[in-house]
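1. Take a look and give me a structure for this.
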Amino acid sequence: MSEPVCFRPPAPPVAVLAPRPRPAHVPLAPAQERMWHAARLGRSADWNVARAMRLRGAAVDVTALRTALECLVARHEPLRTTYPATERGPAQWVVEPADVELDVTECAVTDTELDAAVAALAARPFDLTRDLPVRARLFVLGPDDVVLALVVHHISVDGRSMGPLIRDLVTAYLACRSGSTPEWAPLPVSYTDYTLWKHAQLGEFTDEWSRATHQLRYWANTLAGRPALLDLPAREQQSTPLDPAAGALLPISFDPRTHAGLLRLAQHGRASLFMVLQAAFAVTVGAFARSADVTVATAVSGRDHRLLDDLVGNFSDDVLMRVRLDRAGDVDELIDQVRRVALAAYAHPDTPNPRLKRCLLQDAALPLFQATLILQRGAGPRSRPEPTPAQGFSITEVPTGVVRAKHDLEFGLTDHYDPLGAPAGIDGSFIYPIARFDEETAQRFVARFRAVVGLLADGYRGPLPALLATAGRRGSLSTARRAARVLV
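-> This is a model prediction of the structure:
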């Protein structure tokens, strides 16, 4: 008897990223869905992104700053988009530039008042269904000293948007200050074009053969049976409840020697520096939570087409990596597992978290992940225009001091290289929610991660239990090797 034949429908034609006709309903891009649903649950302010620029000099022109902001919002559609709920689901509604009413207020403050004023601005939630996702304040510290604070909701920007956003804002200000209009190269596509292209690529979840369904099926299978919640140590209950998203920051850095050692390990395991750091992170999280089955996450840029490089918008999303520490006998096996898991995650980047939650047995109120590590390449030479000395003023970015902890354990790291490409070190910060951890517990976690990274960079390749035991004691490579002999 012949075998039954399964027929698969022919693949749809490849979608091309190009300007498209605007349908009546433009859905959210996959990367936007998580922020929209978080805002509906009252957590809109957790996803506010704040930046501040200080303009100093006798020629600071506040009127030109306002005009420059209007030009910026007219250029980039996501800055003038609202996200209403409709019968067909949440949608993007782009406001015409002539109809934009930008929230810009001028305030006189002192240096001591500035940080609190910026923090208060960043803490105000957006109503995404009707508010434009951007607001600005001109904090005037003196006649020749102005801080422009800009707050944009994450649904409309991602980390890589900050480059073109700040560059275009400075270009617009320099032009408006001289009485002209900014001379920008036209954007090849809009964020709406990107959204429609992305949905054409993915297809519908109702189609069992679509790319969207394939990715959803992958994640549902990969995450089945994992611990729903990691048992992390928590601080004692506070008499006065703390803001659950209020965060604190601890700096962390690794010297060039450690950086070089991690690169050697990555090369040996046919992996990347990120994969080695993610392996160290998974080991540390597993030890902290006393679990051999940990799910950690990272962000992918989502800008997988050159036409997206200069767009402001939210393209990035989180991908999950389930690491089974009990299935790795030693460091080499762990690196190989993380490499395979990471590559599979990169191949399935477009499943919105809210939809995935509905496909898992765990309580939908629980987070998909609690720990995330993001590695970025250090910035190269400045690409934005700078004022000349003859123009009589300077523009510098200043820290906002706003720290929001959206996850329990979050590392943001940057690797640096010298002009010849040699490793120059890794630095960054660890962000944690103060409602969940006290500083001593956070310091302990960072110390353990630092110890694991140091041992890997020094050449430890033995069993994982010895690595964990030694890292907990902040031991040396020789101590780890002695512990490995005892365990064997």
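2. Just say helix, strand or coil for Cys107.
-> At Cys107 the chain is in strand, as set by DSSP: H, G, I helix; E, B strand; the rest coil.
3. Work out for me the element the residue lying closest to it once chain neighbours are set aside sits within.
-> If the residues on either side of it in the chain are set aside, Cys107 comes closest to Phe139, at 5.6 Å by Cβ to Cβ, 6 or more residues apart in numbering. For glycine as for every other residue, the C-beta is placed from the backbone atoms N, C-alpha and C. Assessed by DSSP states H and E, Phe139 sits inside strand 134-142.
4. One more: Ala344?
-> Under the assignment given by DSSP H and E, the secondary-structure element containing Ala344 is helix 331-346.
5. Extract the CA atoms of that helix and return them as CSV.
-> What follows is helix 331-346, C-alpha atoms only, in CSV (Å, rounded to 0.1, in the frame of the first residue of the first chain):
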residue,chain,number,x,y,z
VAL,A,331,31.7,24.4,30.0
ASP,A,332,32.2,23.3,26.4
GLU,A,333,28.8,21.5,26.3
LEU,A,334,27.1,24.5,27.9
ILE,A,335,28.5,26.9,25.3
ASP,A,336,27.4,24.5,22.5
GLN,A,337,23.9,24.3,24.0
VAL,A,338,23.6,28.1,24.3
ARG,A,339,24.9,28.5,20.7
ARG,A,340,22.2,26.2,19.3
VAL,A,341,19.5,27.7,21.5
ALA,A,342,20.4,31.2,20.5
LEU,A,343,20.5,30.5,16.8
ALA,A,344,17.1,28.8,17.0
ALA,A,345,15.7,31.8,18.9
TYR,A,346,17.1,34.3,16.3
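6. In that helix, which residues are buried?
-> Buried residues in helix 331-346, counted by 16 or more other Cβ atoms under 10 Å: Val331, Leu334, Ile335, Asp336, Gln337, Val338, Arg339, Val341, Ala342, Ala345.
7. how about CSV for those residues, with pLDDT and distance to Phe411 added?
-> Conversion of those to CSV gives the following (pLDDT from 0 to 100; distance: Cβ to Cβ, whole Å):
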residue, pLDDT, distance to Phe411
Val331, 95, 20
Leu334, 97, 18
Ile335, 97, 18
Asp336, 97, 22
Gln337, 97, 20
Val338, 97, 15
Arg339, 97, 19
Val341, 97, 18
Ala342, 96, 16
Ala345, 95, 17
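8. what about the nearest residue to Arg358 once chain neighbours are set aside, which helix or strand?
-> Excluding the flanking residues, the one nearest Arg358 by Cβ to Cβ, 6+ apart is Ala364, at 6.7 Å. Under the criterion of DSSP H and E, Ala364 resides outside all helices and strands.
9. Only the buried residues of the helix or strand following the strand holding Phe139, if you could.
-> Using DSSP H and E, the helix or strand that directly follows strand 134-142 along the chain is strand 145-153. Within strand 145-153, the residues that count as buried by 16+ other Cβ under 10 Å are Val146, Val147, Leu148, Ala149, Leu150, Val151, Val152, His153.
10. right, and the last one touches Arg43 too?
-> When you say that, I think you mean His153. No. At 11.4 Å, His153 and Arg43 do not qualify as touching, with contact defined as Cβ atoms under 8 Å.
11. looking at it, the residue nearest to Arg358 is touching Arg355, isn't it?
-> No. Counting by Cβ under 8 Å, Ala364 does not reach Arg355; the two are 10.8 Å apart.
12. neighbour-wise, which of the two wins?
-> Set side by side, Ala364 and Arg355 show more neighbours around Arg355, with 16 against 10, by other Cβ atoms under 10 Å.
13. got a list of what the more buried one touches?
-> For Arg355, the contacting residues are Glu33, Phe205, Leu216, by Cβ atoms under 8 Å, 6 or more residues apart in numbering.
14. mind listing the strands in the stretch 1-150 of the chain by residue range?
-> 48-57, 81-82, 85-86, 89-90, 93-94, 103-108, 134-142, 145-153 (DSSP state E, counting those that start in this stretch).
15. Pick the most deeply packed of the ones you listed.
-> Between these, strand 145-153 has the highest mean count of neighbours, a mean of 23, where neighbours are mean count of other Cβ atoms under 10 Å.
16. From Val189, how far off is the most centrally placed residue in the chain?
-> What sits nearest the mean C-alpha location of the chain, by Cα atoms, centre = their mean, is Ala299, with 5.4 Å. Ala299 sits at a distance of 22 Å from Val189 (criterion: Cβ to Cβ, to the nearest Å).
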